[in-house]
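Peer 1: The following comprises the amino acid sequence and a computationally predicted model.
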Amino acid sequence: MIEVNFDGIVGPTHNYAGLSIGNRASSANAGAVSAPRLAALQGMGKMRRLMAIGLKQGVFLPHVRPQVDWLRTLGFAGSDAEVLGSAWAADRALVANAMSASSMWTANAGTVSPATDTDDGLCHISVANLSTMPHRATEAVQTERQLRLAFSDARYFRVHPPLPAAFGDEGAANFMRLVSPAGGAAVEMFVYGEGQAGGFPSRQHRSANEAVARRHGLDPRHTLMVRQSEAAIAAGAFHNDVVAVANGHVLFAHEQAFADPRALYDAVAALVPDAVIVEVPADRVSLDTAIRTYLFNSQLVTMPDGGMTLVLPAEAREHADVWTWLSELIAAGGPITRLEIVDVRESMRNGGGPACLRLRVQVDAEAFAAIDRRFLLDDAACDRIEAVIAREWPEAIAPDDLGNPHLWEQCLRARSALTTALGFSPDEI
């Protein structure tokens with residue numbers, strides 16, 4: 001199997017509007033001045049680093065922003081400038097929603113089941129509806145367009161539309177998969193929350209997970225529905241990937257990630273007997289510390305030599321408790337053999353770490369060859385993308401800038417320059 005991590009390119013409207021309820025980083029930095037150009041270049045730096053250590057890397061493009069058509073559905077009329085101007089005068093929060101660059105967090109783009117797990121032998125991808133938050137609920141249409149373009153070959157892929165909005169689905173950020181190195185059936189784990197915890201909504205519904213599993217034709221005997229702990233949600237773990245990550249036969253999780261960890265670990269052991277559970281004790285790294293440093297919002301990846309690397313945000317190295325525990329983990333031996341640090345501070349300040357920025361897709365060689373090459377990176381493509389970012393992306397966006405017509409025009413022009421540089425036509429994406 002070939003794994004490709006598809007990262008979202010941070011869009012030119014990247015700003016700190018604090019729109020995500022329950023996301024402590026997003027709320028804490030609301031009203032600050034953002035740096036879209038730096039944010040996008042940091043994201044590209046992460047992608048280049050993963051390519052340099054031997055991994056396959058793809059991209060998804062920023063969505064069209066500002067999203068004027070969405071504002072029209074709310075009763076604003078006239079030219080694009082008139083719609084944006086009247087919306088800004090009526091309710092600045094609406095324009096902030098229409099300017100959100102949150103599609104960069106492609107872990108929320110959808111849920112992916114490899115062909116080896118499905119009953120028809122196709123790689124299934126279900127577009128997430130992200131219905132809990134207004135600024136994210138608008139993403140599904142453009143996300144689906146890109147997914148259908150990237151994975152258009154029906155011999156290998158099946159892309160499903162979003163579930164109805166009543167079934168809250170936030171994609172692969174609440175999904176994990178384990179499989180034995182020796183082979184055999186994988187286990188797909190769908191994590192969900194119930195009700196509210198600490199005043200924060202549970203964004204992923206069990207009913208949505210069950211629907212995605214049925215769509216993908218998964219074997220119920222190898223599919224687990226796992227409840228997230230209320231303590232994790234209340235602490236700011238708005239998605240499971242803030243407190244747990246899995247790769248190959250390894251599950252890396254905080255002690256307080258799940259409502260019933262023992263039941264989960266027993267089920268995993270029964271399905272994947274050689275699975276390794278790496279649990280971080282709360283008395284070594286508190287839940288609050290894990291969330292603030294995004295220790296678990298890391299990319300746990302398999303290297304070409306078979307070892308596993310944990311790709312961590314710089315904040316994890318800067319916290320003594322976290323770095324001490326990680327250093328002991330590596331020194332003790334085990335499947336995780338290497339730590340790799342990346343700087344994605346701009347994304348972190350808005351509530352998304354390395355794992356939030358990527359959607360992992362696992363395919364065989366034939367299916368990999370069928371992916372639209374414009375979504376796959378090499379050094380030349382990185383050069384083109386970075387040149388457009390350096391030339392076109394705003395250097396800074398303050399809260400009041402969201403109502404500036406010149407910024408609206410600049411951001412639309414920047415995205416157009418990027419799509420052209422990557423070979424997409426205007427009516428295609």
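Peer 2: Received the coordinates, thanks. Model, not experiment: these values are computed from the prediction.

Peer 1: which regions of the stretch 1-150 of the chain lie under the pLDDT threshold?
Peer 2: 20-26 (pLDDT under 70).

Peer 1: For the stretch 201-350 of the chain, which segments are assigned as helices?
Peer 2: Secondary structure of the stretch 201-350 of the chain (DSSP state H, counting those that start in this stretch): helices located at 206-215, 230-235, 261-271, 287-293, 314-318, 320-331, 345-349.

Peer 1: Which one of the ones you listed lies nearest to residue 113?
Peer 2: helix 206-215 (8.2 Å; C-beta to C-beta). (Each C-beta comes from the backbone N, C-alpha and C, glycine too.)

Peer 1: and that closest one, what does it pack onto?
Peer 2: The contact analysis (3 or more C-beta pairs under 8 Å, 6 or more residues apart in numbering; DSSP states H and E) places helix 206-215 against strand 123-127, strand 187-192, strand 223-227.

Peer 1: need these in a markdown table with distance to residue 363, can you?
Peer 2: Shown next, in a markdown table, are the helices and strands packed on helix 206-215 (distance: least, C-beta to C-beta, whole Å):
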| stretch | distance to residue 363 |
| --- | --- |
| strand 123-127 | 6 |
| strand 187-192 | 16 |
| strand 223-227 | 20 |
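
Peer 1: Turn these into TSV, columns for mean neighbour count and distance to residue 34.
Peer 2: Shown next, in TSV, are those (neighbours: other C-beta atoms under 10 Å; distance: least, C-beta to C-beta, whole Å):
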stretch	mean neighbour count	distance to residue 34
strand 123-127	25	27
strand 187-192	24	30
strand 223-227	18	34
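
Peer 1: For residue 340, which of those strands is the nearest?
Peer 2: For those, proximity to residue 340 was assessed by C-beta to C-beta; strand 187-192 is nearest, at 24.4 Å.

Peer 1: what is the rounded mean pLDDT of stretch 218-226?
Peer 2: Here stretch 218-226 scores 98 as its mean pLDDT.

Peer 1: Sorry, wrong one. I was asking about stretch 258-266.
Peer 2: 97.

Peer 1: what about that stretch, distance to the chain center?
Peer 2: 24 Å (C-alpha atoms, centre = their mean, to the nearest Å).

Peer 1: Next: stretch 398-415.
Peer 2: Stretch 398-415 sits 25 Å away from the centroid of its parent chain (C-alpha atoms, centre = their mean).

Peer 1: same check, this time on stretch 310-327
Peer 2: 20 Å.

Peer 1: The spatially most central residue of the chain - nearest residue in space that isn't next to it in sequence?
Peer 2: Among the residues of the chain, residue 107 comes closest to the average C-alpha position under C-alpha atoms, centre = their mean, at 2.1 Å. Nearest non-adjacent residue to residue 107, counting by C-beta to C-beta, 6 or more residues apart in numbering: residue 173, 4.3 Å away.

Peer 1: measure that neighbour to residue 323 for me?
Peer 2: 25 Å (C-beta to C-beta, to the nearest Å).

Peer 1: related to what we said a few turns ago, now do the same contact list for the residue nearest to residue 107.
Peer 2: Counting by C-beta atoms under 8 Å, 6 or more residues apart in numbering, residue 173 makes contact with 105, 107-108, 239-241, 355-356.

Peer 1: Help me confirm that the residue nearest to the centre of the chain comes into contact with residue 354.
Peer 2: No - counting by C-beta atoms under 8 Å, residue 107 stays clear of residue 354, with 9.7 Å between them.

Peer 1: And the helices in the stretch 1-150 of the chain?
Peer 2: Under DSSP H, counting those that start in this stretch, the stretch 1-150 of the chain gives helices at 24-28, 36-52, 68-73, 80-90, 92-99, 134-137, 140-150.

Peer 1: Now the second one: buried residues?
Peer 2: Under the neighbour-count criterion of 16 or more other C-beta atoms under 10 Å, helix 36-52 has 36-44, 46-47, 49-51 buried.

Peer 1: With stretch 163-179 instead?
Peer 2: For stretch 163-179, a neighbour-count test (16+ other C-beta under 10 Å) marks 163, 167-179 as buried.

Peer 1: Please tabulate those in CSV, including the columns secondary structure and pLDDT.
Peer 2: Formatted as CSV, the buried residues of stretch 163-179 follow (DSSP: H, G, I helix; E, B strand; the rest coil; pLDDT from 0 to 100):
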residue, secondary structure, pLDDT
163, coil, 98
167, coil, 96
168, coil, 95
169, coil, 96
170, coil, 96
171, helix, 97
172, helix, 97
173, helix, 96
174, helix, 97
175, strand, 98
176, strand, 98
177, strand, 98
178, strand, 98
179, coil, 98
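
Peer 1: I'd like these written out as a markdown table, with distance to residue 341 added.
Peer 2: Listed next are the buried residues of stretch 163-179 as a markdown table, based on distance: C-beta to C-beta, whole Å:
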| residue | distance to residue 341 |
| --- | --- |
| 163 | 37 |
| 167 | 37 |
| 168 | 33 |
| 169 | 32 |
| 170 | 27 |
| 171 | 26 |
| 172 | 23 |
| 173 | 22 |
| 174 | 26 |
| 175 | 25 |
| 176 | 23 |
| 177 | 25 |
| 178 | 25 |
| 179 | 27 |
